[in-house]
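Colleague: A structural model of the following input is requested.
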Amino acid sequence: MDDYLFYLTLIFSFLLIYFFQSLFIYKKKIDKVNHRSAHSALATRSGGVSIFFTLFIISVFYYFQGVELFDYSLFIPFGILFLLGLYDDLYLVDFKIKFFMQIIIAKILIDQGFVITSLHGLFGIFEIPWVLAQIITVIFFVIVVNAYNFIDGIDGLALTETTKNLFFFILVLPSKDELFFLCQFIIFIIVPLYYFNYRKEKKVFLGDAGSLLLGGVNMVLILHILNPNTILPNISLNKTLFALAIILYPLFDLLRVVYIRLKNNRSPFVADKNHIHHWFIDRGFSHFITTIIICSSGAIILFGILYV
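Modeller: Here you go, the predicted structure:
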């Protein structure tokens, strides 16, 4: 990534975050404080809007200069995920509609070649029949995307979990890989969000638009890693094991919370404060320290399985 694009992305992202936050405040689209809220300050759920439009506008700018920064067909699933999350942020969407749309998005990705056709020898499983491969991909996509939505409950957690993952994708992918640049691009887009997310007043949250979009980005990269044609010269680790390690925390947190809700005869789709990050917050840890503990633990595990 050249220095010009680096600075352009950072500055443009910062300006769009400020612009969309001001627009949301002007339109009185303020995040409502309730019993589950981890904040009391004025806040907007506009972070995902700034991420998507920074990604889109800079990509279009370079496209008209004859440069395609990554596979632009990904704007189709990314765009639908973003719009689904944005509509949910503004008007609320029934969970059945969200699931249906996520299944459609997963099928679009399958048609684009993002499909789990092999477990690369994990549990002795290699090639997966095509119909079963599509079913597994759809289920995995829906679970993982919603897992990232689930962990977006305190300042910086979903952002840092994604940044950590992108760092490891950069480590294992060759620099000439078609999605290597996307990893760098997304990191530079979301860095300015930390300032707005952690400050005490006029905070900016990802919202469902942002958490679903980042979940989709993580899922696309995981599916790309699992593609038998994707060469990872920097690791000898089983690809499937690496992919599971990448999503270990969001996946574990989702399964744990759903289990607790079902055990208590509650709907798995009704939000509560039983997430792992709530456990830390209830014991006096700050949002920042909780995020550091959770994400650094995941990073240590990934470093361990990659290099030990």
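Colleague: tell me where this structure has helices.
Modeller: Here the chain has its helices, by DSSP state H, at 3-26, 47-63, 75-91, 95-111, 130-150, 157-172, 180-190, 193-198, 207-226, 239-246, 248-263, 276-282, 287-307.
Colleague: any idea which of these gets closest to Leu119?
Modeller: Leu119 lies closest to helix 239-246 among those, at 4.8 Å (CB to CB). From N, CA and C alone the C-beta is placed, and that goes for glycine too.
Colleague: OK, contacts around the closest residue to Leu262 other than its chain neighbours?
Modeller: Leaving aside its sequence neighbours, Leu262 sits nearest to Pro268 (CB to CB, 6 or more residues apart in numbering; 6.0 Å). By CB atoms under 8 Å, 6 or more residues apart in numbering, the residues touching Pro268 are 257-258, 261-262.
Colleague: try 7 Å
Modeller: 258, 261-262 (CB atoms under 7 Å, 6 or more residues apart in numbering).
Colleague: narrow the residues you listed to just the buried residues.
Modeller: 258, 261 (16 or more other CB atoms under 10 Å).
Colleague: now pLDDT and distance to Thr240 too, for the contacts of Pro268, in TSV please.
Modeller: Formatted as TSV, the contacts of Pro268 follow (pLDDT from 0 to 100; distance: CB to CB, whole Å):
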residue	pLDDT	distance to Thr240
Val258	94	23
Arg261	94	28
Leu262	94	27
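Colleague: ok, so of the contacts of Pro268, who is nearest Leu132?
Modeller: Among the contacts of Pro268, and counting by CB to CB, the member closest to Leu132 is Val258, at 23.6 Å.
Colleague: distance check, the closest residue to the closest one other than its chain neighbours against Ile154.
Modeller: In this structure, Val258 finds its nearest non-sequential neighbour in Pro268, 4.4 Å apart by CB to CB, 6+ apart. Counting by CB to CB, to the nearest Å, the separation of Pro268 from Ile154 is 21 Å.
Colleague: over to Asn146?
Modeller: Taking CB to CB, one finds Asn146 at 17 Å from Ile154.
Colleague: ok, Phe252 next?
Modeller: With CB to CB as the criterion, Phe252 and Ile154 are 17 Å apart.
Colleague: these two: which is more packed in?
Modeller: Ile154 (22 against 12; other CB atoms under 10 Å).
Colleague: tell me if I'm right that the more buried one and His287 touch.
Modeller: Yes. The criterion here is CB atoms under 7 Å, and Ile154 meets it with His287 at 4.4 Å.
Colleague: what's around His277, how many residues?
Modeller: Neighbour tally, His277, other CB under 10 Å: 23.
Colleague: list the buried ones in stretch 252-265?
Modeller: Result for stretch 252-265 [16+ other CB under 10 Å]: buried residues 253-254, 257-258, 261.
Colleague: export that stretch to PDB, keeping only CA atoms.
Modeller: C-alpha atoms of stretch 252-265 as PDB (Å, rounded to 0.1, in the frame of the first residue of the first chain):
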ATOM      1  CA  PHE A 252     -17.200 -19.500  21.500                       C
ATOM      2  CA  ASP A 253     -19.000 -16.400  22.900                       C
ATOM      3  CA  LEU A 254     -22.000 -16.900  20.600                       C
ATOM      4  CA  LEU A 255     -22.400 -20.600  21.300                       C
ATOM      5  CA  ARG A 256     -22.000 -20.000  25.100                       C
ATOM      6  CA  VAL A 257     -24.600 -17.200  25.100                       C
ATOM      7  CA  VAL A 258     -27.100 -19.200  23.000                       C
ATOM      8  CA  TYR A 259     -26.600 -22.200  25.400                       C
ATOM      9  CA  ILE A 260     -27.300 -20.100  28.500                       C
ATOM     10  CA  ARG A 261     -30.400 -18.500  26.900                       C
ATOM     11  CA  LEU A 262     -31.900 -21.900  25.900                       C
ATOM     12  CA  LYS A 263     -31.000 -23.400  29.300                       C
ATOM     13  CA  ASN A 264     -33.000 -20.500  30.900                       C
ATOM     14  CA  ASN A 265     -35.900 -21.100  28.600                       C
END
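Colleague: for it, give me every contacting residue.
Modeller: So stretch 252-265 is contacted by 143, 146-147, 150-151, 267-268, 272, 274-276 (CB under 7 Å, 6+ apart).
Colleague: the residues you listed: which two are farthest apart?
Modeller: Across the contacts of stretch 252-265 (CB to CB), the longest gap, 20.0 Å, separates Ser267 and Ile276.
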